[in-house]
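[1] Pasting the sequence and the predicted coordinates here, then a few questions.
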Amino acid sequence: MKPVVTKQFDVAVVGEINVDLILQGNVEPEFGQVEKIVQDCRLSVGSSAAIFACGAARLGFRTAFIGIAGEDTFGRFMVAEMEARGIDTAGVILKSGLDTGISVILARQTDRAILTYPGSIPELTLADIDLSILSRSRHLHLASYFLLERLRPDVPVLLEKARELGCSISMDTNYDPAQQWNSGLLDVFKQVDIFLPNETEIKAITRQTDLAKAIDAILQRGPVVVVKLGRDGAIAKSPGGDAIQQQALQVQVVDTVGAGDSFDAGFIYGYLSGLDWHQSLKLATICGSLSTQKSGGTRAQPTLDQAYQYLQG
C-alpha cells in the first residue's frame with residue numbers, strides 16, 4: 001500500500017548526526033601497544049536518526065532531516081550521503097567550530113561495542129529546528145533522546161508544536177550512556193504515538209525486569225509500544241489491545257549496526273500507509289532483518305518491493 005500524499009514530506013526526522021567507523025573481525029583490543037589486524041573497515045552513515053531517514057527514503061518515503069553537524073569532512077560526508085538517497089537536508093545546519101561526532105564500532109556477527117565521540121551531537125537546540133519543515137510533514141520521528149542534551153529540556157515543546165502542525169509522532173530513545181534513563185522522559189510519552197525501544201531500553205526506562213510489565217507501564221502513558229527483541233523478532237501492543245509478536249527473518253547476518261533503525265523505518269512506513277499492527281510489525285522485522293546482510297547500517301536496507309516479497313509470503 002502506498003502512503004497517502006497530503007504534504008510535501010511523509011516524515012521529518014529530528015536527531016543526531018555522526019559517522020560510523022565500523023571495524024569487523026578480531027576486534028577485541030589489547031593494551032600494552034599490541035597491534036591487531038582486523039578483517040574489514042568501513043566509513044559509513046552513522047547515527048540512529050540518519051539511518052532511520054535512509055531506511056524511510058529507501059522504502060519510498062519523502063523524507064526530510066533536521067539536525068546539526070560540524071562544518072568539516074564528516075559533516076559534509078553525512079549531508080552528501082543523505083542527499084544521494086533523496087533525503088531533503090535543508091534542515092541540516094553545518095556549524096563552524098564544531099566537530100561532527102563519530103562512533104567507532106567494533107562489530108562481531110551478532111553483537112558490537114561502540115566508542116562514541118559526541119562532538120556536535122549534544123548541540124542541537126529548539127532554535128535550530130525549522131518548524132516550517134514540520135508543517136510540511138505528515139509525521140515526526142525523534143531519535144536518540146538521551147544524546148540530545150541541549151534539545152532535551154525542550155522536547156515537550158517541540159512535540160507539542162509538531163502536534164499542532166498536524167504531525168503524528170514516533171520516538172526511539174536509544175541507549176542512555178549516563179544510564180539514568182529518565183531526564184524528563186516519562187513526561188514526554190503523552191505526546192508520542194509510537195514508542196520504539198529495544199528490550200534493554202524499555203526495562204531500564206521503566207525500572208522493570210519483566211518485559212510485559214515494562215510495556216504496560218509505558219502504555220499507561222499513551223503510546224503504542226513496539227519492542228525490538230533482536231534475533232527473537234519484536235513485540236507490539238497498543239493501549240487496550242493484545243500483544244502481538246513477530247519473528248525475525250532467518251538471514252545470513254553480517255552486521256547488526258542500524259538494524260533497529262531500519263526496523264523503525266519499516267514500522268512507520270506501515271503505520272503511515274494504513275497497514276494494521278500485525279502487518280506493520282511484520283514489515284518492520286523484514287526491514288530490520290534484511291538490513292543485517294551487509295556491513296554498515298544502510299547498505300542492505302531494502303526497497304519496498306524487496307520487503308514486500310517477504311510481507312506477502
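    Okay, I see it. Residues are numbered from 1 along each chain as shown.
[2] use CA for all of it now, contacts and neighbours both
    Will do.
[3] Could you pull up the residues touching G70?
    With contact set as C-alpha atoms under 8 Å, 6 or more residues apart in numbering, G70 has these partners: L94, K95, S96, G97, L98, D99, T100, G119, S120.
[4] partners of it in the sheet?
    K95 (DSSP bridges).
[5] And it, how close does it get to I87?
    For G70, the distance to I87 (C-alpha to C-alpha, to the nearest Å) stands at 19 Å.
[6] Could you do L134 as well?
    15 Å.
[7] quick one: which of these two has more around it?
    L134 (28 against 24; other C-alpha atoms under 10 Å).
[8] what about the more buried one, which helix or strand?
    Assigned by DSSP states H and E, L134 belongs to helix 131-135.
[9] downstream neighbour of that helix in the secondary structure list?
    Next along from helix 131-135, by DSSP H and E: strand 137-143.
[10] Check the offset of that following strand from the chain's centre.
    In terms of C-alpha atoms, centre = their mean, to the nearest Å, the gap separating the centre of strand 137-143 from the centre of its chain is 11 Å.
[11] what's next to that strand, contact-wise?
    Residues contacting strand 137-143 (C-alpha under 8 Å, 6+ apart): 6-16, 48-49, 134, 162, 166-174.
[12] What strands line up against that strand, and which way round?
    Under the rule (DSSP bridges), strand 137-143 has strand 9-14 (parallel), strand 168-172 (parallel) as partners.
[13] Need these in TSV (columns: distance to A212 and mean neighbour count).
    Converted to TSV, those look like this (distance: least, C-alpha to C-alpha, whole Å; neighbours: other C-alpha atoms under 10 Å):
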stretch	distance to A212	mean neighbour count
strand 9-14	29	26
strand 168-172	19	23
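[14] residue ranges with poor pLDDT in the stretch 1-150 of the chain?
    1-5, 109-110 (pLDDT under 70).
[15] Nearest to M82 among the contacts of G70?
    L94 (13.9 Å; C-alpha to C-alpha).
[16] The closest one: what's it in contact with?
    L94 touches I68, A69, G70, E71, D72, G75, R76, counting by C-alpha under 8 Å, 6+ apart.
[17] which ones are touching the second one?
    Yep, that's A69 we're talking about. A69 neighbours (C-alpha under 8 Å, 6+ apart): 17-18, 75, 92-95, 98-101, 120-121.
[18] Next, the buried residues of the helix holding L134.
    Across helix 131-135, burial judged by 16 or more other C-alpha atoms under 10 Å covers L131, I133, L134, S135.
[19] Put together TSV for those, with distance to A236 on each row.
    Below are the buried residues of helix 131-135 laid out as TSV (distance: C-alpha to C-alpha, whole Å):
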residue	distance to A236
L131	31
I133	29
L134	27
S135	29
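[20] Pick the one among the residues you listed closest to Q245.
    L134 (32.0 Å).
[21] wait, isn't the closest one in contact with A12?
    Yes - taking C-alpha atoms under 8 Å as the definition, L134 is a contact partner of A12 at 6.5 Å.
[22] how about the helices in the stretch 51-200 of the chain?
    Counting by DSSP state H, counting those that start in this stretch, the stretch 51-200 of the chain has helices at residues 73-84, 131-135, 155-164, 199-206.
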